[in-house]
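A.B. asks: coordinates only, no sequence provided:
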């Protein structure tokens, strides 16, 4: 196996006595789609918060591309190439879809954005990335519309686009299909599959069809710990997982 | 309707029309001076989403700085104004740096507390500030060959400064920096998540706002020849905020409208009826309830209604105002 892009060592998060995460040893190989699944409260989102620097782990280490990033702030991690999308859509609602993405692209070089004399339209590099991302997430037609006027499915795709636009080495997607209608899920599935070709994706998802079809590796979490990790077929056949999920979720189609 | 050049043309028009329409040239100067301060406040409130009650600090310190400079040295007026602006900007970095450590209500309370602190500092350091009396007898030197001792001459000078500041702020709000401020206003958490050091951006916004407001304070002291204690008190912060809301937040020309409306109306009403503030209160209630985009929003809605023959498209007509393309 090649060098891991992301690795956690004995990662633990403690909320006032409650162990939200304990001894998590997660290894994400480059250019893979790695899913994290588990019942509600298993610690998936807490794991993301710790990885992106939103919360401070109480123990353990986070290694990214060989460097210890445990003590770095969230914006420093973005600059190193770690981006995330949110489970609850979080956009710049009054700004256009294109400008949302332009800002996300700019976030890799925030000091350039301190130029108070340079027009926003002169950031050619960031705009090129924004236009490129608009095409990827299939929002070119609504590029000029304010984010708040987009449909839910469009907002969810823009949400993922925000993570793509920072040109990350690792994209963390927190339930990208959250709240989506059946018609929009197909588009999102295709988008995640596309992402997996030139990025490394760490995915939290409840939709088992997406998880089982797209993932290279699947990590199952329960009560803040890793229950088991393996390929989708190994997970499907695992007895512990069947028990944890009472069978239905993993073996049956949709979540 | 929303091209920066058009707004600048409107600002020029206001600067030319004011002395023609308003008999008192001192009042005209006051309008433009407050327009500068309100634009500075708008940068924080309208573009960054920060409700600061500390604007009076920067205004007052600008007044005192200009007064002290001109009373105790023979430096030119322009240098004294630059100093007022620098002091305003530097203090704003400290005030902003402190206050943005908290968000929402706590941020507002911190700016309010700091404003009170500076008021009582100015009040007690009467050896420097003149305390209750303020700094009296500030001279008004000319600029180069121009004597500014006439009300109209000073108005022309004020108008030039106003237009320069207006153009500079217009540049700032369409810049990469200004657009990032809008993003921070919309969703600070996300701005942080995509890599922007949000606190630093807020502090820079404070610095610009403080520098602009300090300059306005300096101009005001030069206009009235004194730096009164009232230029640093809470009421000044409040007035500037009210003007910002009346004019319309997130739009720089709105600030000119807000300042003009407030200064002229309060001058007219206060001569007729000593309880004129009551009417202002009623107006503010109406504004917050029915027209949150202020006077500028009202004009915008009227124009789009005339253009499209109905109010239905007003929403999409207003949107690009936020500056999709300059």
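C.D. replies: It's in. These figures come from a predicted structure and were not determined experimentally.

A.B. asks: in stretch B:92-111, what counts as buried?
C.D. replies: B:92, B:95, B:96, B:98, B:99, B:100, B:107, B:108, B:110, B:111 (16 or more other CB atoms under 10 Å in any protein chain shown). Just so you know, the C-beta spots here come from the backbone N, C-alpha and C atoms, and that holds for glycine as well.

A.B. asks: could the residues you listed go into JSON lines alongside distance to residue B:45, pLDDT and secondary structure?
C.D. replies: Listed next are the buried residues of stretch B:92-111 as JSON lines, based on distance: CB to CB, whole Å; pLDDT from 0 to 100; DSSP: H, G, I helix; E, B strand; the rest coil:
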{"residue": "B:92", "distance to residue B:45": "14", "pLDDT": "97", "secondary structure": "helix"}
{"residue": "B:95", "distance to residue B:45": "15", "pLDDT": "96", "secondary structure": "helix"}
{"residue": "B:96", "distance to residue B:45": "13", "pLDDT": "95", "secondary structure": "helix"}
{"residue": "B:98", "distance to residue B:45": "18", "pLDDT": "94", "secondary structure": "helix"}
{"residue": "B:99", "distance to residue B:45": "13", "pLDDT": "95", "secondary structure": "helix"}
{"residue": "B:100", "distance to residue B:45": "14", "pLDDT": "93", "secondary structure": "coil"}
{"residue": "B:107", "distance to residue B:45": "12", "pLDDT": "95", "secondary structure": "helix"}
{"residue": "B:108", "distance to residue B:45": "11", "pLDDT": "94", "secondary structure": "helix"}
{"residue": "B:110", "distance to residue B:45": "16", "pLDDT": "95", "secondary structure": "helix"}
{"residue": "B:111", "distance to residue B:45": "11", "pLDDT": "95", "secondary structure": "helix"}
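
A.B. asks: residue contacts, the nearest residue to residue B:35 once chain neighbours are set aside?
C.D. replies: Leaving out its chain neighbours, the residue that sits closest to residue B:35 by CB to CB, 6 or more residues apart in numbering or on different chains is residue B:259, at 4.0 Å. Contacts here follow CB atoms under 8 Å, 6 or more residues apart in numbering or on different chains; on that basis residue B:259 touches B:31, B:32, B:34, B:35, B:37, B:38, B:243, B:247.

A.B. asks: ok, residue B:14 next?
C.D. replies: Residue B:14 neighbours (CB under 8 Å, 6+ apart): B:256, B:260.

A.B. asks: so, low pLDDT: which residues of the stretch 51-200 of chain B?
C.D. replies: By pLDDT under 70, the stretch 51-200 of chain B has no low-scoring segment.

A.B. asks: what's the neighbour count on the residue of it found nearest chain A?
C.D. replies: Proximity to chain A, evaluated over the stretch 51-200 of chain B using CB to the nearest CB, is greatest for residue B:195 at 3.1 Å. By the criterion of other CB atoms under 10 Å in any protein chain shown, residue B:195 has 26 neighbours.

A.B. asks: now swap in the one 5 residues further on and tell me
C.D. replies: Summarising burial for residue B:200: neighbours were counted as other CB under 10 Å, giving 15.

A.B. asks: excluding residues flanking it in the chain, which one is nearest it?
C.D. replies: residue A:114 (7.7 Å).

A.B. asks: write out the residues of the stretch 51-200 of chain B neighbouring chain A.
C.D. replies: B:171-172, B:174-180, B:182-183, B:186-187, B:189-197, B:200 (CB under 8 Å from any CB of the partner chain).

A.B. asks: before we move on, the earlier item: look up how far residue A:38 lies from the residue nearest to residue B:35.
C.D. replies: Using CB to CB, to the nearest Å, residue B:259 is found at 58 Å from residue A:38.

A.B. asks: and what of residue B:75?
C.D. replies: For residue B:75 relative to residue A:38 (CB to CB), the value is 70 Å.

A.B. asks: out of these two, which sits in the busier spot?
C.D. replies: The neighbour count for residue B:75 versus residue A:38, taken as other CB under 10 Å, is higher for residue A:38 (24 against 13).

A.B. asks: what's near enough to touch that one?
C.D. replies: With CB under 8 Å, 6+ apart, residue A:38 has these contacts: A:44, A:220, A:221, A:222, A:227, A:244.

A.B. asks: what's near enough to touch residue A:51?
C.D. replies: Residues near residue A:51 by CB under 8 Å, 6+ apart: A:6, A:8, A:62, A:82, A:172, A:202.

A.B. asks: kindly indicate the member of those residues with the most neighbours.
C.D. replies: residue A:82 leads these on contacts (other CB under 10 Å) with 29 neighbours.

A.B. asks: okay, now the nearest residue to that one once chain neighbours are set aside: neighbour count?
C.D. replies: Excluding the flanking residues, the one nearest residue A:82 by CB to CB, 6+ apart is residue A:170, at 5.2 Å. Neighbourhood size, residue A:170 [other CB under 10 Å]: 23.

A.B. asks: per-residue confidence at whichever residue of the stretch 101-250 of chain A sits closest to chain B?
C.D. replies: Using CB to the nearest CB, residue A:107 is the residue of the stretch 101-250 of chain A that sits closest to chain B, at 3.1 Å. Residue A:107 is assigned a pLDDT of 87 by the prediction.

A.B. asks: ok, it - contacts?
C.D. replies: Going by CB under 8 Å, 6+ apart, the list of residues near residue A:107 reads A:75, A:78, A:166, B:191, B:194, B:195, B:196.

A.B. asks: residue B:22 and residue B:280: what is the separation?
C.D. replies: 19 Å.

A.B. asks: assign residue 102 to helix, strand or coil.
C.D. replies: Since you didn't name a chain, this refers to chain A. Assigned with DSSP: H, G, I helix; E, B strand; the rest coil, residue A:102 falls in the helix class.

A.B. asks: actually chain B
C.D. replies: coil.

A.B. asks: again, but for residue B:113
C.D. replies: helix.

A.B. asks: report how many residues lie close to it.
C.D. replies: 14.

A.B. asks: now residue B:120
C.D. replies: 11.

A.B. asks: over to the one 5 residues further on?
C.D. replies: Around residue B:125 there are 12 other residues, counting by other CB under 10 Å.

A.B. asks: nearest residue to it other than its sequence neighbours?
C.D. replies: That would be residue B:131: by CB to CB, 6+ apart, it lies 7.6 Å from residue B:125.

A.B. asks: state the number of residues packed around that neighbour.
C.D. replies: 14.

A.B. asks: quick one: residues contacting it.
C.D. replies: B:122, B:123, B:124, B:125, B:229 are the contacts of residue B:131 under CB under 8 Å, 6+ apart.
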